[in-house]
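> can't give you the sequence, but here's the structure:
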C-alpha cells in the first residue's frame with residue numbers, strides 16, 4: 001500500500017461532495033453577491049481554489065510529472081505569488097493589508113481563512129480529495145454568510161471556524177501520527193527514490209514553493225561524485241546508529257526512521273535511505289505543517305522548503321488563537337490518542353528522527369503587527385498544557401528510552417557567493433577526527449568533575465556573570481557529571497555538557513547578538529535565580545513591552561519561566577574559525593553554533609524522557625547528571641516535569657572572558673582564559689582560534 005491507496009477510500013467517499021462544492025466555488029469566482037469591499041477577496045480566493053482543483057485533476061491523471069520545467073515554474077509562481085515579499089504588502093494573507101482592504105471587523109477572520117486555504121496546495125499535489133473537500137466547504141459556508149449587502153454576525157463566522165477545527169480534529173491528528181510512523185505514506189519517499197534527480201522538474205512535485213535555494217542546492221549536489229554524496233549520507237546514518245549503541249538501546253527492534261530534510265538535498269537523502277534500509281529501517285517522511293493545527297513555535301520540520309517570506313510566517317504564528325480553548329485542546333488530545341492507538345504497532349517500532357538542517361538564510365528581524373493574531377493569557381496556558389500532554393502521549397507510544405535521533409546541518413546558497421566553498425568546509429567540520437576531540441574533551445571533563453560550581457564571565461560588551469552548580473559525584477572513579485559529545489546523534493563533534501543543579505545556579509547570561517529558532521535577538525539578557533529564568537530583556541524593539549513579549553512568545557514559548565536544562569562548553573574551534581572567516585556567525589544553526597563556545601539551554605534537559613536510561617562516556621564512567629529538580633518531578637506528576645522545548649544560547653569565544661571551576665574548598669582553576677583553552681592537553685583547540 002502507498003499514499004494513493006491510503007487516501008482512496010476517503011477520496012471515493014468525498015467525490016460527490018467535492019464535485020458539488022467545486023461547482024459552487026466556480027460560480028462564486030464569477031458572481032458579485034457580497035458587499036463591494038468583499039468581492040475581490042472572495043473572487044481571488046475562489047480563483048485560487050480553482051487553481052488547486054486543476055492541480056488535483058492533473059495529479060489524478062498522472063500528468064504532474066510530465067509537465068515542462070517552464071510550466072512547473074509558472075504554476076509554482078501562481079500558487080504562491082501573493083505570499084512572496086514583493087507582493088505581500090497588498091496580500092489578504094497580510095493582517096495589516098487585510099484590515100486596510102476589508103475593514104477592521106472581519107479582516108482578522110478572513111485573513112486567517114485565506115492563509116489556512118493555502119493548505120489546499122499540498123493536498124492537491126498529494127491527491128487528498130477529502131481534505132480539499134472539507135476546506136472548500138468551509139470557504140463556501142463562510143461565503144454564504146456574506147452573500148448579501150448586509151454584513152453577517154462576526155460571532156457566527158468565528159463559530160464556523162471554531163467548529164471546523166473541532167469537528168475535523170480526527171483527520172488532522174491521524175495525518176500527524178500516520179505520516180510520522182507509517183512507511184506506507186510514501187509520497188515523499190516516492191519522489192526521492194523514483195525521480196531522475198538530474199531533472200529538476202522533480203522539485204515541483206512537492207507542492208512547496210521552489211525558490212533559488214532549492215534549485216541551486218539540487219544543481220550543486222548533482223556536480224558531486226557518488227563517493228562524496230555517500231560520505232555525507234554515511235556521516236548521518238552512522239551517527240544515528242551509534243546513538244543507539246552508546247545508550248544501550250536495541251535498534252534491531254525498530255522498523256522505521258523519520259527522515260527530516262530540506263528540499264533540494266534528495267541525492268543525500270536517497271543515499272541515507274539506502275543506508276538505513278541495510279540496517280532494517282524503512283523511511284517515514286511527513287510534510288512541514290501547512291495548517292495552524294500542526295504548527296508549533298520551533299523551526300521547520302519534516303520535508304520542507306526554505307522560508308520564502310519569514311514575515312508571513314511570523315504574522316501567523318498565533319493563528320490557533322481563533323479557535324483555541326479548553327474544549328478544543330481536550331478534543332485534539334483525544335483525537336491524537338485515538339490516532340496513536342490506530343498506529344500503535346508502527347509507533348512502537350519507530351526509531352526516531354534523522355534530521356538534516358540548513359543555514360545561511362539572512363537573519364530575520366520581524367515587524368510586530370498589531371493586527372496579527374495574539375494568544376490571550378488563558379490561551380498561552382492552554383498551549384503549554386497541550387504541548388506537555390502531547391509530549392507525554394508521544395512518549396507513551398514511542399518511548400523516549402527506546403528511541404534516538406541524529407542531526408546534521410549544511411549551508412544553502414543564500415549564505416552568499418562563497419556557498420560552495422562554505423559547503424565543503426562544513427562537510428569537513430561534520431567529519432572531524434572525533435577521537436582527537438574525545439581525548440581533549442576528556443581532559444576538560446576530568447577538571448570539571450572536581451567542581452562544585454563553574455563561573456562564566458564575558459568581556460567587552462558582554463555582561464555575562466553566571467554561576468552554574470554542578471552535580472556532586474559519589475564515586476568519581478565510576479561517575480562523571482559531563483557527557484563527552486563525539487559526533488554521534490549531535491553532529492558535528494565538539495562539546496561537553498551536563499544538566500546542572502538548579503539550586504545555586506544564579507547570575508546573568510548575555511549575548512550581544514544571537515539567532516534562535518530562525519529569529520534574531522539583539523542584546524539578549526536572561527537572569528537566572530536558582531536555575532530558572534527570573535528576568536529577561538532584549539534590544540530588538542523600541543518598547544520594553546514588545547521586547548518582553550517577543551522573548552515570552554518565541555524563546556520562553558509561552559512559559560512564565562524555564563529552567564536551565566543544559567550547561568555545555570563547545571570545543572569546535574574549527575567551526576568558530578569558519579564562521580569568522582566567512583563572516584557567517586549570525587547565520588550558523590544552533591547545532592553548529594552551540595559547539596563554538598559555552599552554551600546554556602533553557603527548557604528540558606538533554607536526557608528528556610530518558611533520564612532513567614544509563615549513559616556512559618567512552619572512558620566507561622556513567623553520566624549521573626541526567627536529571628534536575630524539575631525533570632525528577634516525573635516520578636510524582638509527569639505534567640510538571642517537561643516543557644517540550646530546549647533552546648541553546650551560545651556565548652562566542654570573542655565575547656568570553658573566563659570559565660573557571662570552584663571546588664568545594666574554594667580552590668579555582670581555569671578552563672578558558674581570555675577566550676583561550678588553558679587545560680593542559682587542549683592546546684590544539686587554540687590553533688584554529690589563532691588562525692583567524
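Thanks, I have the structure now. Predicted model only: the values in this text are computed from it and were never measured.
> show me where pLDDT drops low in the stretch 351-500 of the chain?
Residues of the stretch 351-500 of the chain meeting the criterion pLDDT under 70: 487-488.
> Name the SS class of residue 508, please.
strand (DSSP: H, G, I helix; E, B strand; the rest coil).
> Thought residue 527 was touching it, still the case?
Yes. Between residue 508 and residue 527 a contact is recorded at 5.3 Å, counting by C-beta atoms under 8 Å. Just so you know, the C-beta spots here come from the backbone N, C-alpha and C atoms, and that holds for glycine as well.
> Nearest spatial neighbour of residue 680, chain-adjacent residues omitted?
residue 443 (7.0 Å; C-beta to C-beta, 6 or more residues apart in numbering).
> Who are the contact partners of that neighbour?
679-682 (C-beta atoms under 8 Å, 6 or more residues apart in numbering).
> Just to check, residue 327 is in contact with residue 166?
Yes. With contact defined as C-beta under 8 Å, residue 327 reaches residue 166; the gap is 7.2 Å.
> Domain ranges for the protein, per the record?
3-167, 178-407, 451-690 (automatic domain parsing).
> and the first one, how far out from the chain's middle?
Centroid separation between domain 3-167 and its chain, computed with C-alpha atoms, centre = their mean, to the nearest Å, is 26 Å.
> now swap in stretch 609-624 and tell me
For stretch 609-624, the distance to the chain centre is 27 Å (C-alpha atoms, centre = their mean).
> now the end-to-end length of it.
Using C-alpha to C-alpha, to the nearest Å, the end-to-end distance of stretch 609-624 comes to 15 Å.
> can you give me the helices in the stretch 1-150 of the chain?
Remark: helices assigned in the stretch 1-150 of the chain by DSSP state H, counting those that start in this stretch are 3-28, 36-60, 69-80, 85-88, 95-102, 107-116, 119-126, 129-146.
> er, the stretch 501-650 of the chain I mean
Under DSSP H, counting those that start in this stretch, the stretch 501-650 of the chain gives helices at 544-554, 573-581, 590-593.
> Residue 304 is nearest to which of the ones you listed?
helix 590-593 (15.7 Å; C-beta to C-beta).
> Tell me which of residue 327 and residue 166 has more neighbours.
The neighbour comparison of residue 327 against residue 166 (other C-beta atoms under 10 Å) goes to residue 166, with 15 against 10.
> before we move on, which element is the more buried one in?
helix 154-167 (DSSP states H and E).
> can you pull the buried residues of that helix?
157, 160-162, 164-165 (16 or more other C-beta atoms under 10 Å).
> any idea of the angle that helix forms with helix 129-146?
Angle, helix 154-167 to helix 129-146, by axes from the mean of the first three to the mean of the last three C-alpha atoms, to 10 degrees: 170 degrees.
> Report all helices and strands that helix 154-167 contacts.
Helix 154-167 is packed against helix 107-116, helix 129-146, helix 326-342, with contacts defined by 3 or more C-beta pairs under 8 Å, 6 or more residues apart in numbering; DSSP states H and E.
> Turn the ones you listed into a markdown table, columns for distance to residue 226 and mean pLDDT.
A markdown table is the format used below for the helices and strands packed on helix 154-167 (distance: least, C-beta to C-beta, whole Å; pLDDT from 0 to 100):
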| stretch | distance to residue 226 | mean pLDDT |
| --- | --- | --- |
| helix 107-116 | 42 | 98 |
| helix 129-146 | 38 | 97 |
| helix 326-342 | 39 | 96 |
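> Buried deepest among the ones you listed, which one?
helix 107-116 (a mean of 23; mean count of other C-beta atoms under 10 Å).
> Show me what that one is packed against.
Using 3+ C-beta pairs under 8 Å, 6+ apart, helix 107-116 sits against helix 36-60, helix 95-102, helix 129-146, helix 154-167.
> isn't residue 356 right up against residue 405?
No. The pair residue 356 / residue 405 is not scored as a contact, 11.9 Å apart, by C-beta under 8 Å.
> just so I know, which of the helices and strands packed on helix 107-116 lies nearest residue 536?
So among those, helix 95-102 is nearest, using C-beta to C-beta, at 26.1 Å.
> quick one: buried residues of the closest one?
95-99, 101-102.
> For it, which outside residues touch it?
37-38, 40-41, 88-92, 107-108, 110-111, 114, 315, 369, 371-373.
> just to revisit the earlier point, wait, a helix at the residue nearest to residue 680?
Yes. Applying three-state DSSP, one finds residue 443 inside a helix.
> what pLDDT does the closest residue to residue 3 other than its chain neighbours get?
Distances taken as C-beta to C-beta, 6+ apart place residue 187 nearest to residue 3, at 4.3 Å, with adjacent residues excluded. At residue 187, the model reports a pLDDT of 97.
> same question, residue 296
68.
> now residue 539
95.
> number of nearby residues for the closest residue to it other than its chain neighbours?
Closest residue in space to residue 539, ignoring its immediate chain neighbours: residue 523 at 3.9 Å, by C-beta to C-beta, 6+ apart. Number of residues near residue 523 (other C-beta under 10 Å) recorded here: 17.
> Okay, buried residues for stretch 401-415 please.
402-415.
> Rebuild those as a markdown table, extending it with secondary structure and distance to residue 582.
Putting the buried residues of stretch 401-415 into a markdown table (DSSP: H, G, I helix; E, B strand; the rest coil; distance: C-beta to C-beta, whole Å) gives the following:
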| residue | secondary structure | distance to residue 582 |
| --- | --- | --- |
| 402 | helix | 40 |
| 403 | coil | 36 |
| 404 | coil | 32 |
| 405 | coil | 28 |
| 406 | strand | 25 |
| 407 | strand | 22 |
| 408 | strand | 19 |
| 409 | strand | 15 |
| 410 | strand | 14 |
| 411 | strand | 9 |
| 412 | coil | 14 |
| 413 | helix | 14 |
| 414 | helix | 13 |
| 415 | helix | 8 |
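> Closest one to residue 601 out of those, please.
Out of the buried residues of stretch 401-415, the member with the shortest distance to residue 601 (by C-beta to C-beta) is residue 407, at 14.1 Å.
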